[in-house]
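S.K.: can you look at this prediction? I've put the sequence above it.
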Amino acid sequence: MFENLTERLSRTLRNITGMAKLSESNIQEPLKEVRTALLDADVALPVVNTFISNITAKAIGQTIGDKLTPSQYFVKLVNDELVALMGEANQTLNLQAQPPVVVLVAGLQGSGKTTSCGKLAKYLQEQQKKTVMLVSCDVYRPAAIQQLETVASAVGASYFPSNAQQKPTDIVRDAIAAAKKSYADVLIVDTAGRLHVDNEMMQEVQQLHKACNPTETLFVVDSMTGQDAANTAKAFNDALPLTGVILTKIDGDARGGAALSIRQITGKPIKFLGVGEKLEALEPFHPDRIASRILGMGDVLSLIEEIERKVDKEKAEKLSKKIIKGQGFDLNDLREQLKQMSNMGGIAGMLDKMPGMGALPAELKNQAMHDKQFKRMISIIDSMTPKERARPALIQGSRKRRIANGSGTQIQDVNKVLKQHEQMQKMLKKVSSKGGMMKMMRGLQGMLPPGAMPPGGFK
C-alpha cells in the first residue's frame, strides 16, 4: 500500500538533513520533489497545490525550538499536512440512532460494493457486538442477490431475501420491517451499481435513500482508479448526502492518490479501507496512521490491534506454557503459527505496518509470494504422519521422498521446512530461557516509536 509514494517521499525527506534553518530558498527543492511524488501518486492537482501552499506558509519564518532540527521540523510539517489532508482523525459509524440503524451502500459496479457489505457486517458483529441484517436491492446484475446471500452466510449475518421482480424501494421497506421484527441493530442495504455514473442510476439510489432514510450513506470506490475515484465520489456526493467512503483494493494500490484526494474533493471522510479479498480484510481509516505509513514510519498501533483481534490467545498461551516447560516446538506448532500469520495477512501484511520497512525490496513484501510459500509449507506438514510432526528427527531419506510426493513438492522444499522449524525452535528456546523474553522485548522497544510500548517500557 502506497509503496511508490512512500519510496519517493522517504528518499526526498532523507536528503534534506543538515538545514540550519528553513527558508524559501532551501525548502524549494524538497517541496518540488514532494510535489512530483504526489502527482506521480495520482493525487489530484488542486489537492497537491493546496498541500504545497500550506507547507510553504507554515515552514517559512517559524520558530522551531530546541527539540527539533529544521529538517526534522520539515518532516513533521509534511506529516501533519498529510494528516490534515485525509481528515485529522478516524470517524466512526453513527450507531446511536434508533435500531435498526440503516446503512445504505452505493457505488459503481466492480468497486467491491457487495463484498464490502459483508466485510462491514463482519466488522460490526465482531468489533461492535451488533446484530446485523443484510439486504440486496440490486435487481439488475445477474446473481447479485445470491452473491450477497452467500456473503451474509459466510459472515454469520442474517439475510433478508429479495428477487429481481421486486421494486428496490419495496424491498428496502420490507427489509426495515423485518429488521425491526427481529431486533437487528443494523440493516446494511446493498444497492445496484452501474459501469459508469448515469442519471437513471442516481435517480434510483435517491429514491432508495428517501425510502429508507439511512443514518449512514457510504460510497464504495476502487482506490486503484486514482483521481477517478475522487471524481466519482464527488459525483455521488452531489446526488446523495454521503456520510463517508469505503476505499477498496487498497492492498493493490501502490500510488495512494485516491486516499489523499477524496476528503479534499468531497469533504467526506474515508471511514474504512478494504485491504484484501478476505471478509475480515476491512480496517477503520486512521489518517495519522496512514500518514505515518506513507512516510515509512510504520503503523505499530494498527499492527498491535490486528494481533489482538486475530491471534488465538488460548493457543498462544498453550504454546508458551509448552515451551517454558521444555516440551519443545514441534511441526504441529509450526503449522499453527503459519496459519496464524496467514490470518494476519502474512509477512507482507505485517511488514507494511512496521517502522522502517518501506525501503525493503518489493520481492520481500510480495503478498502473493508469501501466501504461496505458506500454503506449500502447510501442505508439506499435512503430508507427514502425526509421529513425524511430533518428532521431526525421524524425517530422513525415504520419509522425505514420501512427504514431497504427497505434497506435490521437491525434497529440497521439505528440507527447507525442516530447517525453518529448527531455526524457530532454537529462537524459542532462547526466548523461553531466563530473561530471554525481556531481552527480546527491550531490543524491540528501541526499534519502535514513542507510545508504542507500555509506559515505562520493559524492565
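M.R.: Structure's in. What do you need?

S.K.: may I ask which helix or strand encompasses the closest residue to A44 other than its chain neighbours?
M.R.: Spatial nearest neighbour of A44, chain neighbours left out: S261 (4.4 Å); criterion: Cβ to Cβ, 6 or more residues apart in numbering. Every residue, glycine included, has its C-beta placed from N, CA and C. Secondary structure from DSSP states H and E places S261 in helix 257-266.

S.K.: for the following helix or strand past that helix, give the mean pLDDT please.
M.R.: The C-terminal neighbour of helix 257-266 among helices and strands, as given by DSSP H and E, is strand 270-274. The pLDDT scores in strand 270-274 average 91.

S.K.: likewise for stretch 11-18?
M.R.: In this model, stretch 11-18 has a mean pLDDT of 66.

S.K.: close enough to count as contact, P392 and L418?
M.R.: Yes. Counting by Cβ atoms under 8 Å, P392 touches L418, with 6.0 Å between them.

S.K.: give me the number of residues near A57?
M.R.: 11 (other Cβ atoms under 10 Å).

S.K.: what are the buried residues along the helix or strand hosting it?
M.R.: For A57, the host element (DSSP H and E) is helix 45-59. Of the residues in helix 45-59, those scored as buried under the neighbour-count criterion (16 or more other Cβ atoms under 10 Å) are 47-48, 51-52, 55, 58-59.

S.K.: cool, and stretch 396-412?
M.R.: Of the residues in stretch 396-412, those buried under the neighbour-count criterion (16+ other Cβ under 10 Å) are 400, 402-404, 407, 409.

S.K.: same deal with stretch 26-45?
M.R.: 26-27, 30-31, 33-35, 37-38, 41-44.

S.K.: reformat the residues you listed into CSV and put pLDDT next to each item.
M.R.: Output for the buried residues of stretch 26-45, formatted as CSV (pLDDT from 0 to 100):
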residue, pLDDT
N26, 75
I27, 79
P30, 82
L31, 86
E33, 85
V34, 85
R35, 88
A37, 84
L38, 86
A41, 82
D42, 81
V43, 85
A44, 85
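
S.K.: which strands and helices lie in contact with the longest helix out of those in the chain?
M.R.: The longest helix of the chain (DSSP state H) is helix 411-432. Packed against helix 411-432, as judged by 3 or more Cβ pairs under 8 Å, 6 or more residues apart in numbering; DSSP states H and E, are the following elements: helix 313-324, helix 331-343, helix 367-382, helix 397-407, helix 436-445.

S.K.: could you point out which element follows the third one?
M.R.: Secondary structure here is assigned by DSSP H and E; on that basis, the next helix or strand after helix 367-382 toward the C-terminus is helix 386-390.

S.K.: what comes into contact with that following helix?
M.R.: Residues lying outside helix 386-390 but in contact with it, judged by Cβ atoms under 8 Å, 6 or more residues apart in numbering, are 330-332, 335, 381, 394-395, 399, 403.

S.K.: just to revisit the earlier point, from the buried residues of stretch 26-45, which land in helices?
M.R.: Cross-referencing these with the helices (criterion: DSSP H) gives 30-31, 33-35, 37-38 as the overlap.

S.K.: any idea how far the residue most central in space within the chain is from I250?
M.R.: A centroid search over the chain (Cα atoms, centre = their mean) returns V275, at 3.8 Å, as the residue closest to the centre. Here V275 is placed at a distance of 5 Å from I250 (Cβ to Cβ, to the nearest Å).

S.K.: what stretches of the stretch 101-250 of the chain score poorly on pLDDT?
M.R.: By pLDDT under 70, the weakly predicted segments of the stretch 101-250 of the chain are 195.

S.K.: all helices of it, in order?
M.R.: The residue ranges that make up the helices of the stretch 101-250 of the chain, judged by DSSP state H, counting those that start in this stretch, are 113-127, 144-155, 168-181, 199-212, 227-239.

S.K.: of all those, which lies closest to E81?
M.R.: Between E81 and those, the tightest spacing by Cβ to Cβ is seen for helix 227-239, at 17.6 Å.

S.K.: just the residues contacting that closest one, thanks.
M.R.: 42-44, 106-108, 197, 202, 205-206, 219, 221-223, 225, 242, 245, 247, 257-258, 261-262, 264-268.

S.K.: CA atoms of it as CSV?
M.R.: What follows is helix 227-239, C-alpha atoms only, in CSV (Å, rounded to 0.1, in the frame of the first residue of the first chain):
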residue,chain,number,x,y,z
GLN,A,227,-8.1,10.5,-9.4
ASP,A,228,-11.2,9.0,-11.0
ALA,A,229,-12.1,7.6,-7.6
ALA,A,230,-12.2,11.1,-6.1
ASN,A,231,-14.2,12.5,-9.0
THR,A,232,-16.7,9.6,-8.9
ALA,A,233,-17.1,10.1,-5.2
LYS,A,234,-17.8,13.8,-5.8
ALA,A,235,-20.5,12.9,-8.4
PHE,A,236,-22.2,10.6,-5.9
ASN,A,237,-21.9,13.2,-3.1
ASP,A,238,-23.6,15.8,-5.3
ALA,A,239,-26.5,13.4,-5.7
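
S.K.: is L45 in contact with L39, as I believe?
M.R.: Yes. Taking Cβ under 8 Å as the definition, L45 is a contact partner of L39 at 7.1 Å.

S.K.: before we move on, back to that, for K339, state which of the ones in helices among the buried residues of stretch 26-45 is nearest.
M.R.: Proximity to K339 was ranked across those by Cβ to Cβ; first place goes to A37, at 38.1 Å.

S.K.: excluding chain neighbours, what is closest to the closest one?
M.R.: Here the nearest residue to A37 in space, its sequence neighbours aside, is R8; by Cβ to Cβ, 6+ apart that works out to 3.7 Å.

S.K.: correct me, but the one you found touches P30?
M.R.: No. When contacts are counted by Cβ under 8 Å, R8 is not listed as touching P30 (11.6 Å).

S.K.: give me the distance between the residue nearest to A44 and S116.
M.R.: 20 Å.

S.K.: cool, N332 as well?
M.R.: For N332, the distance to S116 - Cβ to Cβ - is 36 Å.

S.K.: higher neighbour count, these two?
M.R.: Ranked by neighbour count (other Cβ under 10 Å), N332 and S116 place S116 first, with 25 against 14.

S.K.: surely that one meets V220?
M.R.: Yes. Contact criterion Cβ under 8 Å: S116 and V220 qualify, at 4.9 Å.

S.K.: surely T248 touches S116?
M.R.: Yes. T248 lies in contact with S116 (Cβ under 8 Å); the separation is 6.1 Å.

S.K.: find residues that contact each of the two.
M.R.: Contact criterion Cβ under 8 Å, 6+ apart; residues shared by T248 and S116: 220, 274.

S.K.: which residues touch V189?
M.R.: Counting by Cβ under 8 Å, 6+ apart, the residues that V189 touches are 102-105, 135, 137, 172, 175, 208, 212, 214.

S.K.: pipe these into TSV and attach distance to Q72 per row.
M.R.: Supplementary listing: the contacts of V189 in TSV, determined by distance: Cβ to Cβ, whole Å:
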residue	distance to Q72
V102	47
V103	42
L104	45
V105	42
V135	52
C137	52
V172	53
A175	54
L208	51
C212	50
P214	45
